[in-house]
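Undergrad: Pasting the sequence and the predicted model now:
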Amino acid sequence: MDYKTVQGRCKHEGLSFLTITLPAFGKDFEKSLDQAKVDRNLFQSFGWKGGLPKFLWGFLDLVFDRTSGVLLDEPCIDSIRSIRQLTLMFGKMKLQCTPEREMAAMRGFLECEQDVRASDARLSESLVDSFKRVSSLLFGSAFSQMDLIIYEGLHIPKHGPGSTAEKLSSNAKYLQRTWPARLDGYFPLVDFILPNARYYEHLGDVDILDPGSEIPVRVISVPKTQKTPRIIAIEPSAMQYAQQAVLDVIRYGLDKVDYLRTMVGLDDQEPNRVLAHRGSLSGNLATLDLSEASDRVSNQHVRFLLARHPHLHAAVDASRSRKADIPGYGVKRLAKFASMGSALCFPMEAMVFLTIIFMGIEQCLNTSLTKRDVKRLSGSVRVFGDDIIVPSDCVDHVIRTLQAFGLVVNSDKSFWTGRFRESCGKEYYAGHDVSICRVRQMFPTRREHAQEIISVVSLRNQLYWAGYWGTCKWLDGKIRDVIKHFPTVLPTSPVLGRQSALGFETQRIGEHLHDPLVRGYVVSSRPPSDKLDGYGALLKCLLRMEWNSPPKERYRAGGNTLLDIAPNGFGRAGLDHLIGISGDERHLERAGRPSVVDIKLRWSSAV
């Protein structure tokens, strides 16, 4: 009957039943686990039978009491995992939203701006003083080190492979044609866009922008779910260039403090997952999730955070874009610090959140924390973006403090009362991993659908290792309808193939390495053609050499950077030498993210 329900509702409601309605059921189920009972206000789109929804009643009956809806003393873990897998697997497909939903998301972006301004106006002086004191307690020594590096001018800029507001190609960024005047204090034009003083005449090609004529960030939507797109802001090239320099200094400073390494995550999600697992076992750790986390961090929050470190604050402020071009609304001045797209968005929000969390813990304990108290809480507090771990007994105070600073806790994805916990893409119930496999793309129908083929092969292999072998067998047939060659390989093989606990197949032995070969499809992509020569090529090579050196060498007080000691004249032979030690020459011919990903049939290693 459940199968017929899904078929019937998909026929009448379309794909939205799988991508919106079923995930809403899954979220209500998680909320019921956290509350230890099924609430009649949940599962609104489904009929009821006794104390439970009719849909998936057979599974729900193994988790909750069929009459009262109260959580069983020993609920069936397999049923919990199955309900989540059935209802949530289509919830995060990367599908284009309707124009109406996209415009609603843009309107929400603007409304969030108004909320940030209102929240800033409501902040009391005592809250601000407390924020500054706690941030100094947590980050004082790290910020002092960062401040010194910035003051001594040891920070090194960097261009990333991503898009820019001006729509420059990857290598074109090294021939900078605009430069905001307010960057010049901590990111001197002559030092940051020229290899050395010999190329001084090229400064005449650069347009110096006063604050009123700066290029705004370009706000766009990218696919997230069918319910709502993800809103990001693409930064101007010069701003992103400077932000990367500050980001590396921040990483270096945080890494120097033992307890901050465990509390602030910028790259590794695994510690959050370990703590979520521990919280599901003991119940003493809560997992919180924030809504619109990046867009609700105010520029005022960051000003308070860095108030006692003038050089670091000035560099951060100079590299922050102040205006955004919002589709349908024009150019608007920003109250938020930055949206996703800024290199400094993620670390700044993490440090702001950590400060507010410890303010909430102080209120819970009714005492001013010391450095010793902070270190003692080292294994109980962690922030990775908007995924937050805090002690369960302090969660009410932490939430109230977050709300006092204008932040919004997502109640649908925050857990602390029951035994369900979720953080950084992993979910646990009572110590059991109940994480699911997700469908990310529509299934391919032709060999030319390379992205969809890559996605469905990944899904097939995830399902295999999760134990859904019947589904894998069905998917194997669907995949073979699209690509004829689908061999059995190891997870380390470059071939798009079937993974198996039974090993791999061998169709041929390699002539040179005598390795097992199979004929299959391999992902093929290469950066677009993007030629760079002249002083821009020299600058790129010098910067790559800088970034290949260890951070402790880059930030050695009194040391010279490679840009400082580069010879004033550089012929082709000198450039060839630099290319040889900074990376292969192809990066001056091709650069940036591949515009097309393809799959090609070839013989390749099965292992």
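TA: Arrived safely.
Undergrad: Show me where the stretch 201-350 of the chain has its helices.
TA: 237-255, 258-263, 270-282, 299-305, 310-318, 345-365 (DSSP state H, counting those that start in this stretch).
Undergrad: what's the closest of those to residue 83?
TA: Comparing the helices of the stretch 201-350 of the chain against residue 83 with Cβ to Cβ, the closest turns out to be helix 270-282 (16.6 Å). (Each C-beta comes from the backbone N, C-alpha and C, glycine too.)
Undergrad: Check the average confidence over the helix or strand in which residue 78 is found, would you?
TA: Residue 78 is part of helix 77-88 when elements are defined by DSSP states H and E. Per-residue pLDDT over helix 77-88 has a mean of 96.
Undergrad: quick one, longest helix in the protein?
TA: When the chain is parsed with DSSP state H, its longest helix is helix 125-151.
Undergrad: buried residues in that helix?
TA: 127-128, 130-132, 134-139, 142-143, 145-151 (16 or more other Cβ atoms under 10 Å).
Undergrad: Tell me which residues are up against the helix holding residue 78.
TA: Residues outside helix 77-88 that contact it (Cβ atoms under 8 Å, 6 or more residues apart in numbering): 22-23, 25-27, 29-30, 33, 56, 59-60, 62-63, 427, 429-430, 432, 434, 436-438, 468.
Undergrad: now do 7 Å
TA: 22-23, 25-26, 29, 56, 59, 62-63, 429, 432, 434, 436 (Cβ atoms under 7 Å, 6 or more residues apart in numbering).
Undergrad: If you count contacts, what does the next helix-or-strand element following that helix end up packed against?
TA: With elements assigned by DSSP H and E, the helix or strand that comes after helix 77-88 is helix 99-122. The contact analysis (3 or more Cβ pairs under 7 Å, 6 or more residues apart in numbering; DSSP states H and E) places helix 99-122 against strand 217-222, strand 323-326.
Undergrad: residues making contact with the first one?
TA: For strand 217-222, the surrounding residues in contact (Cβ under 7 Å, 6+ apart) are 102, 105, 109, 165, 229-235, 321, 324-327, 341.
Undergrad: Identify the neighbouring strands of that strand in the sheet and state each direction.
TA: strand 230-234 (antiparallel), strand 323-326 (parallel) (DSSP bridges).
Undergrad: Using TSV, lay out these together with mean pLDDT.
TA: Output for these, formatted as TSV (pLDDT from 0 to 100):
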stretch	mean pLDDT
strand 230-234	93
strand 323-326	96
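Undergrad: how about those strands in TSV, adding mean neighbour count?
TA: Converted to TSV, the strands paired with strand 217-222 look like this (neighbours: other Cβ atoms under 10 Å):
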stretch	mean neighbour count
strand 230-234	21
strand 323-326	20
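Undergrad: for these, which one sits closest to residue 216?
TA: Of all those, it is strand 323-326 that lies closest to residue 216, at 3.9 Å by Cβ to Cβ.
Undergrad: Extract the C-alpha trace of the closest one and format it as CSV.
TA: Extracted in CSV, the C-alpha atoms of strand 323-326 (Å, rounded to 0.1, in the frame of the first residue of the first chain):
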residue,chain,number,x,y,z
LYS,A,323,27.5,46.4,-1.9
ALA,A,324,25.6,43.7,-3.7
ASP,A,325,23.9,43.6,-7.1
ILE,A,326,20.6,41.7,-6.4
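Undergrad: and it, how far from the chain's centre?
TA: Averaging C-alpha positions (Cα atoms, centre = their mean, to the nearest Å) puts strand 323-326 22 Å from its chain's average.
Undergrad: try stretch 325-345
TA: Here stretch 325-345 is found 17 Å from its chain centre; the criterion is Cα atoms, centre = their mean.
Undergrad: Same check on stretch 395-404?
TA: 24 Å.
Undergrad: and what of stretch 487-498?
TA: On the basis of Cα atoms, centre = their mean, stretch 487-498 is displaced by 28 Å from the centre of the chain it belongs to.
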